[in-house]
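Colleague: Need the 3D shape of this:
(chains A, B, C and D)
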Protein chains: 2
Amino acid sequence: MQAAATATKGAATRDSIIERAYQMVRREGFEGLSIGTVASSVGMSKSGVFAHFGSREDLQIAVLDAAAQRFTENVFLPAIRERRGLPRLEAIGRRWMKWLRSEQGGCPMVSAAIEYDDRPGPIRDRVIVYQTRLRKELARAISMAVETGELKADTDPAQLAFEIFGVELVMHHDWRLFGFDEASERAERALDRLLASYKS
Amino acid sequence: MQAAATATKGAATRDSIIERAYQMVRREGFEGLSIGTVASSVGMSKSGVFAHFGSREDLQIAVLDAAAQRFTENVFLPAIRERRGLPRLEAIGRRWMKWLRSEQGGCPMVSAAIEYDDRPGPIRDRVIVYQTRLRKELARAISMAVETGELKADTDPAQLAFEIFGVELVMHHDWRLFGFDEASERAERALDRLLASYKS
DNA sequence: GAAAAGAACGAACGGTCGTGCTAAAAAGAC
DNA sequence: GTCTTTTTAGCACGACCGTTCGTTCTTTTC
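Modeller: Reported below is the predicted structural model:
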C-alpha cells in the first residue's frame, strides 16, 4: 500500500476541504476564510473540519500551498514543452494570463501577497518563498532566451521578470475592476511591446 | 465664522477618527478595520465613534475618500506645476513612487481594489470611480506629451497608462515583500525604459 | 443666566469567530 | 466476528464583532 493519490478516507476529505476552501479564498481572501463557512459548504461540522488541520492558520497554509502547486502545474510545467528561449518565455506569459482568467474569483497568490505583505508570520514567510521561487523561474526562462540570442545580451533577467510581473498584476487588477476583455487585450499588447524592446 | 478647516468640535474629532482609521487600513486593510479598535486607538468609546458615521461601511467609505484625496494632493496637484508634456508625465510617475513609499503600510487604494474587486456594493462602486478617474487623468497627461511631440503620434494614451499602472503595482508589490530599495530602483528603470519606447 | 443641540459614554443585544473537550460513528486490521 | 484506530459530531467556552439604546456631559444659542 504505497502512498497513492489519497491513501485513507481522511486524506480524501481533507483534499475536498482544501478544494472548497480554495474556491472561497478566491472570493473572500485568506482573512475572510472561516472554518464554519467551509464546514457548512462541504456538509460537515465545524469541529470535523477543524480536526483535519488543527488551526485556522494551518488550513490557510494548506490552501496557499495548493494555490502555488496549481499555478506551477498550469503555467510553468506546460511551458517547459516549448523550446527553451523566446518560445518558452512567451508560453509562460500567455499561460499566466490564461491562468489569471481561469481563476474567476481572483488569484489567491495575489490576494495573499497584499493581505500579508505587512503581517509577519508563517503565512507571509511562505508567500515570500513562493514569490521568490516564481521570480527566479521566470528569470531563468529569460536567461535562456538571452543565451539563444533571441534577447539582447545585456538583458537583466531579474529586471525583465520584474516588468513582466507588473503586466500580469495590472491585468489582474483591470480585469477584476473593468472587465476581462479590455484588460486581456491591453496586457497582451503590453507584453508584446515589452519583449520587443528587449529583443536583439 | 466662515467654514474654517474644522467648523465644529464634532467635525474635528471626526477628522481625527478618519486619520486614525486611515493608518489602520494601511496595515489591516478595509475589512480588517473594526470600530472597536479605532475607538480605543483614539481614546473614545465604540458608540462614540459609531455615532459619527452611522455604520462601519460609512466609516470605510470616509477612509477611502480620504485616501483618494491625499493621492491627488500628493501626486497630481504638484505635478501640474511642471510644464505640460513629458516633464509633467515624468513628475507624476516619480511622485507616484514617492507616494507609495510614504505610505509605509501599503496604499489603501491598492488594498481596496484587491479586497473589493468582486464584492459588489457601494465601496466597490466608489473604488471603480476613483480608479477610472485616476486612469483618465494619467491618459490626459500622456495625450499632452503626444501633442507636444515628445511621444510618438500613434501612442495610445490608455495603453501607456495601463502599462505605467503595471509598473506602480509591481513596485508596490515588491517593495512590501522584498524591501524598498530594490523595488524602487527597478521601478525607476522600468519607467524609463517604458517611456523611452514611446518617445518619438 | 436658561434652553436647546450636539457629542460621548456605558451597557447590552444577537451573532460569529476559533478552539477545546468528549462521545459516537466509521473504517480498517486481524 | 472483535478490537483498535481514525474520523466526525455535538456542545460549550471566551473573545470580538457591529449595532442599538438610554443617559450624561459639554458646547452652542438665545
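
Colleague: max-length helix in chain A?
Modeller: Using DSSP state H to define each element, chain A has its longest helix at helix A:122-147.

Colleague: Moving C-terminal from it, which element do we reach first?
Modeller: Using DSSP states H and E, the helix or strand that follows helix A:122-147 in sequence is helix A:157-178.

Colleague: Run the chain-centre distance for that following helix.
Modeller: From the chain centre to the centre of helix A:157-178 is a distance of 13 Å (C-alpha atoms, centre = their mean, to the nearest Å).

Colleague: Next, the angle from it to helix B:122-147.
Modeller: Between helix A:157-178 and helix B:122-147, the angle comes out at 120 degrees (axes from the mean of the first three to the mean of the last three C-alpha atoms, to 10 degrees).

Colleague: Packing partners of helix A:157-178?
Modeller: Secondary-structure packing of helix A:157-178 (3 or more C-beta pairs under 8 Å, 6 or more residues apart in numbering or on different chains; DSSP states H and E): helix A:86-102, helix A:122-147, helix A:180-198, helix B:108-115, helix B:122-147, helix B:157-178, helix B:180-198. Heads up, the C-betas are built off the backbone N, CA and C, glycines and all.

Colleague: which stretch among the ones you listed comes nearest DNA strand C?
Modeller: DNA strand C lies closest to helix A:122-147 among these, at 12.2 Å (C-beta to the nearest atom of the strand).

Colleague: when you scan the closest one, is anything in it near chain B?
Modeller: Yes: with C-beta under 8 Å from any C-beta of the partner chain as the criterion, chain B is reached by helix A:122-147 at A:127-128, A:131-132.

Colleague: Test my guess that residue A:199 contacts residue A:151.
Modeller: Yes: with contact defined as C-beta atoms under 8 Å, residue A:199 counts as touching residue A:151 (6.1 Å).

Colleague: what is in contact with the two at once?
Modeller: By C-beta atoms under 8 Å, 6 or more residues apart in numbering or on different chains, residue A:199 and residue A:151 have these common neighbours: residue A:86.

Colleague: sorry, back to before: so, in contact with DNA strand C or not, the longest helix of chain A?
Modeller: No: Helix A:122-147 lies out of reach of DNA strand C by C-beta under 7 Å from any atom of the strand, never closer than 12.2 Å.

Colleague: How far away from the center of its chain is that helix?
Modeller: When C-alpha coordinates are averaged (C-alpha atoms, centre = their mean), helix A:122-147 and its chain have centres 11 Å apart.

Colleague: what's the answer for stretch A:17-33, then?
Modeller: Relative to its chain's centre, stretch A:17-33 lies at 14 Å (C-alpha atoms, centre = their mean).

Colleague: how about the longest helix of chain A: buried residues?
Modeller: Buried residues in helix A:122-147, defined by neighbour count with 16 or more other C-beta atoms under 10 Å in any protein chain shown: A:123-124, A:126-127, A:130-131, A:134-135, A:137-139, A:141-146.

Colleague: residues in contact with the residue nearest to the spatial centre of chain A?
Modeller: In chain A, the C-alpha nearest the mean C-alpha coordinate belongs to residue A:71, at 4.4 Å (C-alpha atoms, centre = their mean). With contact set as C-beta under 8 Å, 6+ apart, residue A:71 has these partners: A:99, A:107, A:109, A:134.
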